[in-house]
Every structure is written in structure tokens, then in C-alpha cells.
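Asker: Quick one: sequence and predicted model below, then my questions.
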Amino acid sequence: MAIKTEEMVLNMGPQHPSTHGVLRLELVLEGEIIQKVTPHIGYLHRCFEKHCEAMTYPQIVPYTDRMDYLAAMGNELGYAVAVEKLLGIELPPRVEYIRVIMAELQRIASHLVAIGTYGADIGAMTPFLFAFRDREVVLNLFEITCGARMLYNYIWPGGLSHDLHPDFVRLTREFCTYFKPKIVEMNNLLSTNRIFIERTANVGILPLETAINYGITGPMLRGSGFKWDLRKDDPYSVYDKFDFDIPVGTGKHGTVGDCWDRYDVRIKEMEESVKIVEQALDQLPEGDVTSAIPKRIKPVVGSVYARVENPRGELGYFIVSTGGTSPFRLKVRGPSFVNLGIMDVLCKNHMVADVIAILGSVDIVLGEVDR
Amino acid sequence: MIIYDFLYNLVYSLFQSALVSNIVAMTICAALPLIFVLTFVLWAVLAERKVSAWMQDRVGPNRTGPHGILQTVADLIKLLQKEDIVASENDRPLFNIAPVLVFSGSYVVFAVLPFSFAFIGSNIDLGLIFLVAASGFVVPGILMAGWSSNNKYSLLGAMRSAAQIVSYEIPTLLVLVTIIMITGTTNLRTLSEMQTGYFWNWMIFGGPGLSAAKFLFIPFMFIGFIILYISTLAEVNRTPFDIPEAESELVSGFHTEYSGMKFAMFFLSEYANMFAVSALVSAVFLGGYQSPFGYIGNLIHVTWLVPIEQFFWFAFKGVFFVLVQMWLRWTLPRLRVDQLMALCWKYLIPIAFVNLIIVGLITVL
């Protein structure tokens, strides 16, 4: 005798503790097994791209901060690289080095949030607070640099808004020595925890081919075992002057491309970022940081696409100029938005609890998904 | 029941009526554990917040009273003042009765807990069995709460919770049967009295006496102790088994829709349960209210001091295991539903069975 059963539709979010903002997931459940996941986005849409068409080029910088608000330095860097490419500006070396330091510190801060909230999603609150404690130190470094802790308006097309604080180099070196043992601590507390491995290994496996077909970038792509990092493969700024590795997923506790691999890639990337910051501090040249900033940005007719490796993946800016002081069109390729598209593939036939684990490992920021 | 007799005689000398003295003595005896539970919960909620704060490099509550010790009181007052919200689509009778049922389920357990030789709410011979049976009483309450909330998260949480509590009672019982086989009693006071003397008479060290069997028991008693602790942890829905209220998945599980005092009832019963299972573990394996090394009262010949010391040891052991529960909660992530069930059915139950059989063989020999 067949019992008549019904699928349950569960709305997860937009007010839900683990959707990392205002994301709404529509889950079709069979018992606790997921049949289908549909992400609904747009709750945080602020018409960023349309706004930009009415703004001059320097005015757009604070708007880029508000896309991926956990990696604002990376957003600014991407925009600055795009505009400089459009204008063809040469930068003083000091500017480039400071930008790299900032972008890497930002990567550490952003990955700390990703890892901490991931722990909280799995049910461990302590790693979350440990991660935020360490992120606080990075934010303090940003604060003495430009006065802001999240939305900096620091990296401008052609230069930087300020030079470094006199204490910055010393404090950053202190942070590097402080932070390395903290990664070990996080590994002991969370990464090698048996329950954590049980929850994340072999969950949400993303095969490499699927990842490439969906245009996945960043730690997710590397978690699937593909060594692709724009800092190495399409170098911008001065990244070609540093020695660092690209960590990839190894499938140590399960299959290559599972949630644990994506988590592990982030942990290892933090170690690499510390390495880059230390090298950049050693090589930091003297010089002026504002000299190359153009008085008035009015590019010639044309278009440009520039991309940088943000903590969440490839962040691309496509700018079309018709020769005015503001862009005719500015299109952003947001990594969170693209990565979110794979939720349905990853979640199929997993349980409700796994949706949280998978969403956490995708690591989206809704500010960038919706823009 | 020394306290009961004392109260009975006291009232009888005043009113000369057996009925009145019975009622008064009964009521006071029934209310005494409640006072203990409420004080314990006030302390435990604060302790949980302080312990988590210390573990997480934070300060914790420090604004209400010196070092924040009045924080729980303030929270309680806040909860009392809150509006009691019942949504229009809730199943009203079930929704209202569920918190009461859950709390009575966890409170009734305290009737058989031996606080000391002088005080045990009801010294029944089936104490151990009653304790397990009564703690299963919370299951219908949780199911009612989940169903009547008319909320999908609550329903999922309630279903998980019911499945979890029912499954984990099996390893609990298997371990308790092992103990019953050795001691031949299910009376909790008799059980505690058997483990009197020094700590090597505790069940975890093979029980009283100095026979060869005692030493053979020791490894199996340790296994039993660990199984019992894990499964009681799951029965009270604590991390790593807190999936019924997994806040990152199900918001707060079966009590998502509750507010004010009804929510407080769930909260109260959760903490009361924590102590009850800790007390069970210590009564079965760690001598209950027995001191690990003699009594000061016996030493200085003040006999009325002994029950008070026993109460101290009972509370101390219970609180100790509650602190271990907190420690685990703030260290470990949470298991998934199927992993939780696998742990119970694939590991704990077979191990408990083998443990039972081996102990049985040793007892026969």
C-alpha cells in the first residue's frame, strides 16, 4: 500500500539566522531531504550600476565599498584598476604596494568572517567569536589608515586618499606574528574536529567541470581542485613580485570539492595572505601616494574590462565610456552572485542541515549579490 | 524521608490532626525540590553565559549587579512582563498546555532524586525506572508545542526532538539495566547507600566490596559511564546533540513561536533537565550523595551535619556535570540528524548491549 505523501515547501529567509543577510531560499522538501532549492534575491538591491551612470568617476568609489561590504578594499582596488586601465595611468610603486597590503589584509578579514560564520552555521559558536576577535585587529589597522572600519573610500583611481599612518608598518608586523598561531588555534578547534569533518566532508560536492560550467571562481573553484587565481594567472598591481602559493582542495577528508575543501582553502589562503603582507612590508618603497591622482577623470571613448581576485572570487568591472565625466555604463561581475547560482546543484538530495553547511561554504555577501 | 517525618510530627504537635499534618508535610516536601530547581536555574543560566564568555575571550554579562550576577533575575523580570502572544492560527489548547507538560515532565523527575539520606521526594522502589519513564514525558509536550505552533520550523524541530529522545532512551536503559543487574535494586537511595564509604566503593570503580569481580567490572563500568553520559546529553538536547533547536537551521526549533513565560517554562525545563540527568549519572555511577572521603559530621560527632554534607556533595556532583555539559556546548559543533541516529543505533546501542552481556557473565560467575 502506497501512502500518499506531499512535498513540503519551506521558505528559508529572508529573516533567517543563517542565510547571511536577506537571501530567501525556497526549499522543496521530502521529509528532510531537499528536492529543489531556488534562491530568491533582490532584497538588498540598491541600483548600484544605474547610480554610477549619473556620477563622476571618483564619486563611484564609495559605492563600490557597499557591494561586498566584507571586502571593501578589494572592490575599490578592482574599480581603481579598471579606471586606470581606461585612462592608462602609471602609478608610483608605493601606491601599488600599499594597495596589495590592504587587499591582503582585507582578504584575511573577509575569510575570518567566512570561517567564523561557517562554524556558527555548523553549530559551534566559539570559533565565530575567535574569528571576530582576530578580525577586529585587522579592522583597527584599517581604522588608523583611513578612519573607517568597513567602508573605506581609501583606494582611489590613480592613488590613495592618504599615506600610511607612521605606526602602520610596526602594527601590521605585530599582527602578522600575532595571527599565525591563531590559524593553528582555529585548526585545532574547528578544522580537525571530528564532528565538523563529519558535517562538511562529502557534503555539497562540486565537481570541477560543473564548477567551470557555472562560472564559479575564487575559493569555491580552487576547492574543486583547479589552480586558478587571478593574482597569479592574470597579475594586476604588483602581485607578480611576491612569492606565494595557490592552495587547492585536496579531498583530505572526503571528495575533492566538498564543503571541507572550500573551508580549508580559505584557511590556507589566510596563511598565504600573511606571507604576502610580510613580503610587501619588507619591500615597501618610499614615495608620494597622491601624485598620480588625475584632477579630472574624463576618459576617451572606449570600453574596458578589468578583474581582480576578491576574497570571494573574480570581481570584474566593465566600463563603457562615451568621453564624459561619468561612465555610460558600468557593469559589475560579482563573484557572490555567480557562485550563488550553483545552490540547487549542490543541495540536491541533501538534508536541511546541509543546506546551511553548503550555503556557508559558498560564502555569499548579499550586498554584492543584489548590488 | 526524615524531613517528612520531622514536618509531620511538628505539625501534628500543633494541630493534632493526621490529615492536616499529612497535607502540610507533603506540600512542603513537594515544594523543596522546586526551590532547588529555581535557584539552580538562576545560577545555571548565568553560569552558562559566564562560562561561554570565558571560553570565547569575552567579558560576559557585567552590568546588572556586581559582575552581572543579577542578569538572570533581570531576564526573568523581562520575561514576566512580556506579552503572551498566541498567533491566530495556533492550536490554542495544545499550544497552552505544551510548556506545562514539558516542565512537569522534567520536574517530576526530581521526586525520586536522592538529595541526601534525609531527603528524597518519594522513596519508591522503582526509582530508576520511574526516572527514565518520567523523562520520556517531555516528548508529547515537545510534539504538542511543535504541532500547535503551526510553523514548519517548529514542526521539524519537534519531530527531530521526539525521534532523538526516544532513540537515546534505549542506550540509557541498557546501561541502567547493567547497574541493576549488579546491585539488584532500582531504589535510588538504596543504590546510593550501597556506594557509601570512600570513592572506591562507587559504581564507576566496580561498586562496593573487594571481590575479584569488582576489578573485572571497572573497565565496563567506565564504558557504561561514557555511554550513559552521551545518551543523557542527547536526551536533554544539548550540543552536540541540540539539533531540535539548532538555531542556525531551525531558528529555535519547537519553541520558536513561544514568548514570555511560556518560553521561560521551556527554558526552565531545559536547565532542570540538565541537572536531573547529571544527578542521574552521579547517583548511578558516582555514589549519588555520598562523599568521596567520609563526613566531617561523623568525625566531630554532629550527626545532623551529615545530611547537609550529603546534600552538598549531591549538588556538587550535579553541578560539575552541568559544567561539563556547558564546556562541551561551547566547544563542539552540532551533528546532523542522520549522524545523530547513526551514533545511537550503530555505536551506542551495540556497545551497551555487549557491555550488558559481559557484565552479566561476570555477575553469573
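Answerer: Good, I have the coordinates.

Asker: For the helix or strand that contains residue A:39, could you pull out the residues that count as buried?
Answerer: For residue A:39, the enclosing helix or strand under DSSP states H and E is strand A:33-40. Buried residues in strand A:33-40, counted by 16 or more other Cβ atoms under 10 Å in any protein chain shown: A:34, A:37, A:39. Glycine gets a C-beta too; all of them are placed from N, C-alpha and C.

Asker: Next secondary structure element downstream of it?
Answerer: Per DSSP H and E, the first helix or strand lying C-terminal to strand A:33-40 is helix A:48-52.

Asker: Quick one: residues in contact with that following helix.
Answerer: With contact meaning Cβ atoms under 8 Å, 6 or more residues apart in numbering or on different chains, helix A:48-52 is reached by A:60, A:63, A:66, A:67, A:326, A:327, A:329, A:330, A:331, A:332, A:371.

Asker: at 10 Å instead, please
Answerer: Here helix A:48-52 makes contact (Cβ atoms under 10 Å, 6 or more residues apart in numbering or on different chains) with A:59-60, A:63-64, A:66-67, A:79, A:317-319, A:326-332, A:334, A:367-368, A:370-371.

Asker: Okay, and which of the residues you listed map to strands?
Answerer: A:317, A:318, A:319, A:329, A:330, A:331, A:332 (DSSP state E).

Asker: For those, which single residue is the most surrounded?
Answerer: Neighbour counts for those peak at residue A:317, which has 26 neighbours (criterion: other Cβ atoms under 10 Å in any protein chain shown).

Asker: How about that residue: which residues does it bridge to?
Answerer: residue A:306, residue A:332 (DSSP bridges).

Asker: from memory it sits against residue A:307, does it?
Answerer: Yes. In terms of Cβ atoms under 10 Å, residue A:317 counts as a neighbour of residue A:307; the distance is 7.5 Å.

Asker: what is in contact with these two at once?
Answerer: With Cβ under 10 Å, 6+ apart as the test, residue A:317 and residue A:307 both reach A:78, A:81, A:82, A:333.

Asker: Would you mind listing the buried residues in whichever helix or strand residue A:99 is part of?
Answerer: Per DSSP H and E: residue A:99 is located in helix A:93-122. By neighbour count with 16+ other Cβ under 10 Å, helix A:93-122 contains the buried residues A:94-122.

Asker: Not counting the strand holding residue A:39 itself, show me its contacts.
Answerer: With contact meaning Cβ under 10 Å, 6+ apart, strand A:33-40 is reached by A:7-14, A:19, A:22-30, A:340-352, A:354-355, A:358-359, A:362, A:364, A:369.

Asker: Would you write a ChimeraX line that selects the buried entries of those?
Answerer: The following ChimeraX command selects only the buried members of those, with burial defined by 16+ other Cβ under 10 Å:
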select /A:10,12,13,14,19,22,23,24,25,27,29,340,342,343,345,346,347,350,351,352,354,355,358,359,362,364,369
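
Asker: Report the entries of the contacts of strand A:33-40 that also contact chain B.
Answerer: A:8-12, A:19, A:27, A:29, A:350-352, A:354-355 (Cβ under 10 Å from any Cβ of the partner chain).

Asker: Next secondary structure element downstream of the helix holding residue A:99?
Answerer: Downstream of helix A:93-122, the next assigned helix or strand under DSSP H and E is helix A:125-146.

Asker: Run the contact check for that following helix versus chain B.
Answerer: Yes. Shown here: helix A:125-146 in contact with chain B (Cβ under 10 Å from any Cβ) through A:125, A:126, A:127, A:128, A:129, A:130, A:132, A:133, A:134.

Asker: Residue B:329 versus the fifth one, what's the distance?
Answerer: To residue B:329, residue A:129 is 14 Å away according to Cβ to Cβ, to the nearest Å.

Asker: Same drill for the two, tell me which one is more crowded.
Answerer: Using other Cβ under 10 Å as the criterion, residue A:129 and residue B:329 rank with residue B:329 on top: 22 against 19.

Asker: Tell me who's in contact with the more buried one.
Answerer: Residue B:329 neighbours (Cβ under 10 Å, 6+ apart): A:123-126, B:48, B:51-52, B:55, B:233, B:238-240, B:242.
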